[in-house]
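[1] Sequence unavailable; structure follows:
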């Protein structure tokens with residue numbers, strides 16, 4: 001055990017001693033926060049050593065894979081996603097309450113903030129993917145995107161009016177839009193068709209694991225600080241910083257800029273493959289139907305789920321998704337993307353049909369689990385399929401265009417759900433979404449019969 005690790009272990013023990021000091025009420029709460037900081041940085045040190053060992057083995061030729069059979073870049077990307085989503089999902093579940101209850105913002109302001117954030121992230125995904133293809137580097141854009149998102153969230157805690165929250169949220173979405181397409185292109189660059197689904201599934205599983213732990217951490221901090229939401233925002237800097245430390249170990253395999261070639265990637269759909277265009281249309285239909293998880297929570301509340309159980313609902317989705325993402329990727333590697341994607345769409349249709357019919361809160365739990373199965377089956381495999389529909393030197397642009405289209409379509413989907421909820425009650429948006437998903441499944445079936453999912457290099 002190195003000096004730094006021993007020092008952090010000692011610091012954690014000091015934190016535990018501080019929690020026993022009861023004559024000052026605030027002391028135990030800050031001791032918990034102090035210990036949380038130490039444990040996060042201990043995780044970063046241990047992980048750093050694992051990555052160094054993997055990279056050394058790869059350089060010496062003693063192994064072609066890293067941890068659990070993955071390339072070291074896949075492992076790094078997975079842990080970066082875990083800590084980033086841990087940080088994000090500490091803030092996201094309580095942000096609406098912070099806006100409406102602490103800052104006194106109207107509900108329409110919340111819709112404006114989320115809508116603009118979705119649009120900004122979607123548009124930037126096009127440009128970030130295209131730029132990564134042109135300059136021949138993925139890591140620099142990933143560092144910029146993850147850096148903005150992970151370092152900006154604590155500023156939520158300094159906001160005094162909702163317009164300031166809007167500014168911070170937009171910057172957070174700028175970070176997401178900057179990193180997503182280059183990251184997906186890098187993962188496709190370092191994998192083979194035989195293990196691509198498993199690799200994307202691993203990153204998705206780590207992402208979902210972080211997303212499931214974040215709300216629980218937020219609930220714990222709120223209980224320890226007597227409902228201090230600003231403290232939750234401030235503490236998001238801890239997992240965010242750990243994510244950036246891990247990301248610094250990533251190796252960029254994409255070294256050759258393509259500005260001098262005739263196959264320069266271009267923005268938009270015109271230069272991309274017809275198969276890609278059709279699949280993007282199918283995914284856009286799913287995006288319209290798959291409105292924000294906030295509506296699942298609202299539906300659960302409308303049938304009597306208590307406020308205290310809302311974070312647990314977020315946890316169920318993330319937990320199921322994290323457990324099944326890698327198996328879903330393995331199945332798609334073995335049997336093709338068609339069955340896994342159509343199965344995921346069928347699960348989404350069943351989930352929304354259930355939410356349109358239920359009248360007791362007990363049914364919320366299995367339906368949340370079904371939604372987790374959908375995300376595990378579809379989100380990673382969609383991106384794998386995109387990488388197999390376009391040439392390697394156009395993957396950055398393709399991922400950017402795909403992510404932008406899906407992201408932008410999610411905005412009218414949310415608006416449609418809200419309007420339908422106002423017009424016909426909470427059952428109507430889920431019923432309409434079920435029909436849209438079934439149409440997307442039919443389109444997907446026709447598309448895949450004409451263009452089978454054959455893995456490409």
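    It's in. Bear in mind that the values here come from a model prediction, so they are computed numbers and not experimental data. Numbering: from 1, shown residues only.
[2] Distance check, the most centrally placed residue in the chain against residue 84.
    Geometric centre of the chain, nearest residue: residue 207, 5.5 Å, by CA atoms, centre = their mean. To residue 84, residue 207 is 8 Å away according to CB to CB, to the nearest Å. Where you see a C-beta, it was placed from the backbone N, CA and C, and this is true even at glycine.
[3] swap in residue 312?
    22 Å.
[4] More neighbours: which of those two?
    residue 84 (29 against 17; other CB atoms under 10 Å).
[5] per-residue pLDDT, the more buried one?
    As predicted, residue 84 sits at a pLDDT of 90.
[6] do the same with residue 36
    Note on residue 36: pLDDT of 50.
[7] again with residue 307
    On the pLDDT scale, residue 307 is placed at 63.
[8] same check, this time on residue 198
    73.
[9] which ones are touching it?
    70, 326, 329, 330, 333 (CB atoms under 8 Å, 6 or more residues apart in numbering).
[10] so which of those residues comes closest to residue 346?
    residue 329 (18.2 Å; CB to CB).
[11] Tell me how many other residues crowd the closest one.
    27.
[12] residue contacts, it?
    197, 198, 199, 200, 201, 202, 204, 380, 381, 384.
[13] how far away is the residue nearest to the centre of the chain from residue 159?
    Taken as CB to CB, the span from residue 207 to residue 159 is 26 Å.
[14] likewise residue 171?
    12 Å.
[15] For the two, work out which one has more neighbours and name it.
    More crowded of residue 171 and residue 159, by other CB under 10 Å: residue 159, with 20 against 17.
[16] Need the per-residue pLDDT for that one.
    On the pLDDT scale, residue 159 gets 90.
[17] Was I right to think it contacts residue 168?
    Yes - judged on CB atoms under 8 Å, residue 159 makes contact with residue 168 at a distance of 6.7 Å.
[18] what residue ranges in the stretch 1-150 of the chain score low on pLDDT?
    1-70, 106-111, 115, 136 (pLDDT under 70).
[19] Go again with 90.
    1-81, 85, 88-146, 149-150 (pLDDT under 90).
[20] Ok, the stretch 351-457 of the chain next?
    Residues of the stretch 351-457 of the chain that meet the cut-off, pLDDT under 90, sit at 359, 361, 375-426, 429, 441-457.
[21] repeat that for 70
    393, 396, 447-457.
[22] All the helices of it, in order from the start?
    Along the stretch 351-457 of the chain, the stretches classed as helices by DSSP state H, counting those that start in this stretch are 364-387, 395-424, 427-450.
[23] mind listing what's buried in the helix or strand harbouring residue 181?
    Using DSSP states H and E, residue 181 sits in helix 162-189. Of all the residues in helix 162-189, those buried under the rule 16 or more other CB atoms under 10 Å are 162, 165-166, 168-189.
[24] that older thread, so which of the contacts of residue 329 belong to helices?
    Among those, DSSP state H puts 197, 198, 199, 200, 201, 202, 204, 380, 381, 384 in helices.
[25] what residues are up against the fifth one?
    If a contact means CB under 8 Å, 6+ apart, then residue 201 has 325, 326, 327, 328, 329, 330, 332, 376, 380, 381 as its contacts.
[26] same thing but 10 Å
    Residues near residue 201 by CB atoms under 10 Å, 6 or more residues apart in numbering: 78, 195, 324-333, 340, 376-377, 379-381, 384.
[27] Check the last one too.
    For residue 384, the contacting residues are 184, 187-188, 191, 193, 196-201, 329, 332-333, 337, 340-341, 453, 455, by CB under 10 Å, 6+ apart.
[28] picking up where we left off before, mutual contacts of residue 159 and residue 168, please.
    Common neighbours of residue 159 and residue 168 (CB under 10 Å, 6+ apart) are residue 233.
[29] thinking again about what came up before, excluding residues flanking it in the chain, which one is nearest the residue nearest to the centre of the chain?
    The spatial neighbour of residue 207 that comes closest, neighbours along the chain excluded (CB to CB, 6 or more residues apart in numbering), is residue 81 at 4.0 Å.
[30] So which elements touch the helix or strand containing that neighbour?
    Using DSSP H and E, residue 81 maps to helix 72-91. Contacts defined by 3 or more CB pairs under 10 Å, 6 or more residues apart in numbering; DSSP states H and E place helix 72-91 against helix 26-60, helix 139-152, helix 162-189, helix 196-224, helix 229-235, helix 237-247, helix 310-335.
[31] Against which helices or strands is the third one packed?
    Helix 162-189 is packed against helix 72-91, helix 95-97, helix 107-135, helix 139-152, helix 196-224, helix 364-387, helix 395-424, with contacts defined by 3+ CB pairs under 10 Å, 6+ apart.
[32] Kindly report the same for the fifth one.
    When contacts are defined as 3+ CB pairs under 10 Å, 6+ apart, helix 229-235 sits against helix 26-60, helix 72-91, helix 95-97, helix 196-224.
[33] Would you mind listing the buried residues in the third one?
    Just to be clear, that refers to helix 95-97. Applying 16+ other CB under 10 Å to helix 95-97 flags 95, 96 as buried.
[34] Give me the contacts around it.
    Identification of contacts with helix 95-97 by CB under 10 Å, 6+ apart yields 105, 107, 110, 113-114, 153, 156, 165, 168-169, 222, 227, 229, 232-233, 294, 297, 307, 310.
[35] Going through the residues you listed, which ones are buried?
    105, 110, 113-114, 153, 156, 165, 168-169, 222, 229, 232-233, 294, 297, 310.
[36] Looking at those residues, which is nearest residue 345?
    Distances from residue 345 to those, taken by CB to CB, are shortest for residue 294, at 21.4 Å.
[37] which SS state does that closest one fall under?
    helix (DSSP: H, G, I helix; E, B strand; the rest coil).
[38] That one and residue 313 touch, don't they?
    No - with contact defined as CB atoms under 10 Å, residue 294 does not reach residue 313; the gap is 11.0 Å.
[39] shared neighbours, those two?
    Common contacts of residue 294 and residue 313, defined by CB under 10 Å, 6+ apart, comprise residue 93.
[40] Residue 354: what's it in contact with?
    Going by CB under 10 Å, 6+ apart, residue 354 touches 363, 364, 366, 367, 370, 371, 430, 434.
[41] I'd assumed residue 309 was in contact with the second one.
    Yes - taking CB under 10 Å as the definition, residue 364 is a contact partner of residue 309 at 8.5 Å.
[42] shared neighbours, these two?
    Both residue 364 and residue 309 are contacted by 300, 301, 316, under the criterion CB under 10 Å, 6+ apart.
[43] Dump the residues you listed to CSV, plus neighbour count, pLDDT and distance to residue 138.
    Formatted as CSV, those follow (neighbours: other CB atoms under 10 Å; pLDDT from 0 to 100; distance: CB to CB, whole Å):
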residue, neighbour count, pLDDT, distance to residue 138
300, 23, 80, 39
301, 17, 75, 41
316, 20, 86, 33
